[in-house]
Structure formats: C-alpha cells, structure tokens
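# kindly return the folded structure for what I paste below:
(one chain, ligands or ions: 1)
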Amino acid sequence: MKATPTASRQPEAAGQQPGADAERPACVHITGWSRGLEVSGGGQGVVSHAGLALLRHLADKTGLTGGLSRALATPPVLVHDRGRVTADLACAIADGVRVISDFRVMSDQRELFGLVASVPTAWRTLKEIALGGTRADRRITAAVNTARRHAWAQVAARHGALPGVRLADRTLDGVICIRLDATVTAAHSDKELAEANFKGYGHHPLIGVCDNTGGEPLAWMLRRGSAGSNTTADHLQVLDAAIAAVPPGLRRKLMVTCDGAGASHGLIARLDTLAARRGYELTYSVGWALGEREKTALRLVPERAWQAAIDGRGEVRERRAPDACVNTGCAHRACWIEEAHVTELTGLLRCGPGGDQLHAWPAAMRVFARRERPHPGAQLTLLEAADGWRYSLWATNRPADTRGWLGQAAYIDAAHRVHARVEDAIRTGKDTGLGHFPSFDYQVNAAWLTASMTGQILLAWLKLLALDGDLAKAEPRTLRPGAARRGPPGPRRPAAPPENPGVLAMGRGDHGRVAAHQRAPASPLTSTKPSLRSRKENPGACGTPPPGRQPGHRHTPALKSRPQTGPADAQRQPSTRMKYQG
Ligand SMILES: [Zn+2]
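Numbers count the residues shown, from 1 in each chain. Have a look, this model is predicted:
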C-alpha cells in the first residue's frame, strides 16, 4: 500500500494547535486520515502494516472511532482525541501489539496515519479511562454497541443475513448465540488483584462472545485471580451486558451456552426468567455437575436408551474397535465402535424412585448426559472408572416437543458440545492482548482488556465485512504480518521497496502473510490434530488403528451407522440422523 499525501491530509498536522481543533466536528477531523489514500503496487512510501490501515478504516467507517471520541470527550480539546487513541490502540493490539511500547508501530507511519498518539499518550489514555471508572466504561460500551448495530447491519446486507449457529452439520438461523466462559490469564510480575488460582497465578476474566460472528466479544469483565468459577453475580452481569450488546432487533431469539464451570442455580434461574418473557425465545444449554443423584440415575439408564452421538458432519462418532481388521478404511460393522452416546436423564431425576429431585429447578429444565470413551490419563470418578465411560451432563430448556432435527437428542448434544468454540475465541483473544496486561494497576489493565476486546471485535467485523474464503476464517496470527511483530523491539529498519512491485506493494514483513494465507485454517469445530475421520480417509497417512482403550461397545442393533455397500466415505449416507427418531 502506498500512501499518497494530499491536501486533505493536512488537517492532521494542524491538530497540533488546539485552537484549530475546536472549530471542526471531532469525528470528521479524526477520521480524515484516509481521505486521498490510494492503494497501488510499488512506488515510494511503502508501508509494512497495511492491514492496520484496513482495521483503522473499518473502525472509522462503522462509527466506532467517532463514538469513542464522543464517549471520551473532555472539555479541553486535546491534541490527541482520546477516542482516536483508543480505536488506534485496539487496531494495534489486533495487529499483534503485546506491549504498549509497540504502539509506535502506528506512530512510525505518520505518512499513512497522520498524527498518531505517542506511546506515553496511549498510556495516559488508558489511565484516563481507568480513572473514569464505571461512567467511562458505560460510555465506551455504548459506543461499541452502537457501532456493532451498524456493522451487523452491513454484515446482513453483505451476506443476506447474519451467519447462523452451526450445530454439527446443520445451521440454526435467526438465533443469536451467546457463549459465556471464564479464562485464567497468567501474570508474570506482581499485578494488582493477580492471585493464585487453580491454574497458577494471574487474573480470571470472564467474557461473553457471539458465536454467529465468529466469537466476537460482546461483554467482558476483568476479575481477581481467585474469582470463583461459578460466581453467579459475575455471570449475570456479563450475561446482561452481552444481551444488551446485541442489537435490539435481534434480541428476541437467543441461545445462551455455558460450561459446568460457570453453571449455577442463579444463572439458570435468570435464563429461565428471560426465556419466559412474552415474545422472546431463549434456549440455554448449561453444564451440569455429576453428583450422587445423577450417578444413581445413570446407573438406571437402560442400554437401549443411549443414542449414538454425532460428529461435526452429522455422522455417528465412531472409532476402530480394538480387534478390528487391518484394513483401517473397512466397512465391517464389527470393526467400528461408537465413540459417544447421549441420553436424557430428566425422567429418572424427576420421577425416579426418590421422587422429584429437580423440584428446586425450573420446570422447563431438562438434564441430558453424554458418555464418551475416556482419553488416556483422564481423571475419572469411581463410577466412570467402574463402567469405562466418561460422563458429561448439561441442562437445557429446549422443549421436549421440539419438532425436527433440533429436538433430537443427538442435536441437543451437538448444540452443547459446540460451546467449546468459545475456547477458540479465548485462544485468539490471548493472541490479541487478552492477558498481556501492561500495568500493575487493576483499572488500567481493565481498560487494556477493553481495548484488546475491541480489537478482537474489529477483527470479527473485518472478516465478515471485507474478507472472503479462507481469509474470512483465518485467525489473527494468520491475518497479521507475522515476522514484523515477532522480534524484540529495537530500532526499525526503513521499509525497502518490494522485490516484485507487480505483486502488491507490501513491506518485507508482509511476505510471510501471503504464504500464511495458503494454509487451511483450523476448523473451529474440531481440533487441529488429524481427526479420526481423516485417519479413516487416509489410512496411509496414519495407518495403524487407534489402540483400544476400553472394552468395546458394539453398535446397537437399531443403528446402522455404516452402509454395507462399500468402504469409500464418499459413498456413505450424508447422515444417519433420521434413524434416531422414535
Ligand atoms: Zn474391518
């Protein structure tokens, strides 16, 4: 990208005289840098962080910069508009800035970005936001939420609708899915309220993300390191903030998921209240503890009540039997065992021998259980060790009379399993400033968390509004020029003209980026490790069948997961889901 200085870029320089600023509407002034910007191959003025210009432009165009500018406006007009600085910081963090001194990646490119705040000004801005307390927080949240309304409307205009929620091989359209999860971030130095916890030492932030827009953060809360997992008050606050972050027109059909670590009676009670509102639909799927009453119920489940669980392709999750034949791609029914099963425990818990054991819980709540082959080394309860299955339970209010695939146990299981996608959002968040808290001061770190989450929001919008194909699914690491940000900070090398101006005028650091796009991004549904499915398809790549770990559970006669026609997966039925009915 070549920056072409034009007359329209001059007001940035005039911004150094505070008197000249007062005359101009702030948002026009602070977003004027991109006027006259041209993108061309080769030439002079080559920049290495071209993606930053894209993110910054997106922040301006969605109204985020202007909104932040109004949210953080101060009576004396400052040289550096605090909204502009906050938006720039978010862009820089999204671009890979891990420490605040690296913020100069923007100020170093004054020809492109105009007058950018210095590192001390970025620090000062974070401190001012911290001093502003809940009022500043509320105003920033409102600015981000207003920009989201605009950005999502543009996403809907571009794609026809907001993306749906993927559940196994199906997509649930017209529903906004909020996922709540907490994560432990490590602190490597003494930081306020960093405390020892079950994973080490640091903080314990809680976030709510939107699944539809690829794990876009909707709400977040920095918490002390020892904050409990099942803290109801924190979860309710983040849940309410996340719902408020969804544009009003889209709040009527919601789905909320949370794992067992975040589950509590208070959370389910609130979700039940929200679901009961007239004109609103809210389905929740919340992890459930495996207690004594559940263990008793599990022992009573007849074998035929367990249904096969499905994988991301809507097919039965299965693996090779311990005594399978040598042909790892074979179609022998005896050579494959089902990996996981699902059943409903509500009946046994509500009408079992001990009476209604869920009387304290909402009447609409149902409890499901999944049993899986445990991984080697998994910590098992006595029950699990005795019967060779690992159990996970969850509660949902999906009505028992739900028609179609959505009401089937296999899909109710799939709908809870995909909560794991929140892990992707947290992992990429940790790649985008989450946990790299710069200060000792807790409130400054909370302001940094806001900037970091805003950066992740911009990346989510960027993928949906400006990118296609693999890039639209890529992770931040892939999207940003890797090499330039990896090394220790030091004197910057002046950007050299590109070796091949015909390709794209990017700095040297960007060449890795072109190559990186060739890699297929990891599917958020599955791990990046070669899956069982791919082993089946490519026996040559990993020819030995996985070793049997548990006594094999053969297919239940009612289920026919593999066609007898031939071994090729291509010939397999797209799904066996219809067989689960009844
Ligand atoms: Zn076989």
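
# okay, CA-based contacts and neighbour counts for the rest of this
Noted.

# how long is stretch 367-377 from one end to the other?
27 Å (Cα to Cα, to the nearest Å).

# do the same with stretch 345-361
End to end - Cα to Cα - stretch 345-361 spans 14 Å.

# what residue ranges in this protein score low on pLDDT?
By pLDDT under 70, the low-scoring segments of the chain are 1-50, 478-582.

# kindly report the residues of it close to the ion.
Selection of the chain residues close to the ion by Cα under 5 Å from the ion yields Cys325, Cys330, His332, Cys335.

# now these as TSV including distance to Ser226?
Shown next, in TSV, are the residues of the chain next to the ion (distance: Cα to Cα, whole Å):
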residue	distance to Ser226
Cys325	51
Cys330	51
His332	52
Cys335	48
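
# buried subset of those?
Listed as buried from the residues of the chain next to the ion are Cys330, Cys335; burial here means 16 or more other Cα atoms under 10 Å.

# domain parsing for this protein?
As given by automatic domain parsing, the domain ranges for the chain are 1-160+439-489, 169-179+237-319+335-423.

# need the helices for the stretch 251-400 of the chain, in chain order.
265-275, 292-300, 346-351, 382-387 (DSSP state H, counting those that start in this stretch).

# what sits up against the third one?
Put plainly, it is helix 346-351. For helix 346-351, contacts defined as Cα atoms under 8 Å, 6 or more residues apart in numbering pick out Arg293, Glu294, Ala297, Leu300, Gly355, Asp356, Gln357, Leu358, His359, Arg366, Val367, Phe368.

# figure out how far it is from the centre of its chain.
Relative to the centre of its chain, helix 346-351 is centred 34 Å away, using Cα atoms, centre = their mean, to the nearest Å.

# re the thing from before, among the domains of the chain, which comes closest to Glu192?
domain 1-160+439-489 (5.3 Å; Cα to Cα).

# next one: phi and psi at whatever residue of the stretch 351-500 of the chain ends up closest to the ion?
The ion sits closest to Arg373 of the stretch 351-500 of the chain, with a gap of 20.2 Å, by Cα to the ion. With angles defined as degrees, to the nearest 10, Arg373 sits at phi -70, psi 130.

# and for it, the neighbour number?
Per other Cα atoms under 10 Å, the neighbour tally for Arg373 reads 21.

# pretty sure it sits against Ala385.
No. Look at Arg373 against Ala385 with Cα atoms under 8 Å: they stay out of range, at 10.9 Å.

# now do the contacts for the residue nearest to Val99 when sequence neighbours are not counted.
Nearest-residue entry for Val99: Pro438, 6.5 Å, with adjacent residues in sequence omitted and distances by Cα to Cα, 6 or more residues apart in numbering. Neighbour list for Pro438: Val99, Ile100, Asn445, Trp448 [criterion: Cα under 8 Å, 6+ apart].

# got a winner among those for most neighbours?
Trp448 (30 neighbours).

# can I assume that residue sits in a helix?
Yes. Judged by DSSP: H, G, I helix; E, B strand; the rest coil, Trp448 forms part of a helix.

# got the buried residues for stretch 377-392?
Glu384, Gly388, Trp389, Arg390, Tyr391, Ser392.

# count of neighbours near Phe440?
When neighbours are counted by other Cα under 10 Å, Phe440 comes out with 14.

# so it: helix, strand or coil?
Per three-state DSSP, Phe440 ends up coil.

# what ranges do the helices span in the stretch 51-200 of the chain?
64-71, 82-94, 104-107, 110-113, 119-159.

# go through those helices and pick out the most buried.
For the helices of the stretch 51-200 of the chain, average neighbour numbers computed from mean count of other Cα atoms under 10 Å are highest in helix 82-94, which has a mean of 28.

# show me what that one is packed up against.
helix 50-61, helix 64-71, helix 104-107, helix 119-159, helix 442-466 (3 or more Cα pairs under 8 Å, 6 or more residues apart in numbering; DSSP states H and E).

# which stretch among these comes nearest Pro399?
Taking those one by one with Cα to Cα, helix 119-159 is closest: 29.0 Å.

# what angle sits between that closest one and helix 82-94?
80 degrees (axes from the mean of the first three to the mean of the last three Cα atoms, to 10 degrees).
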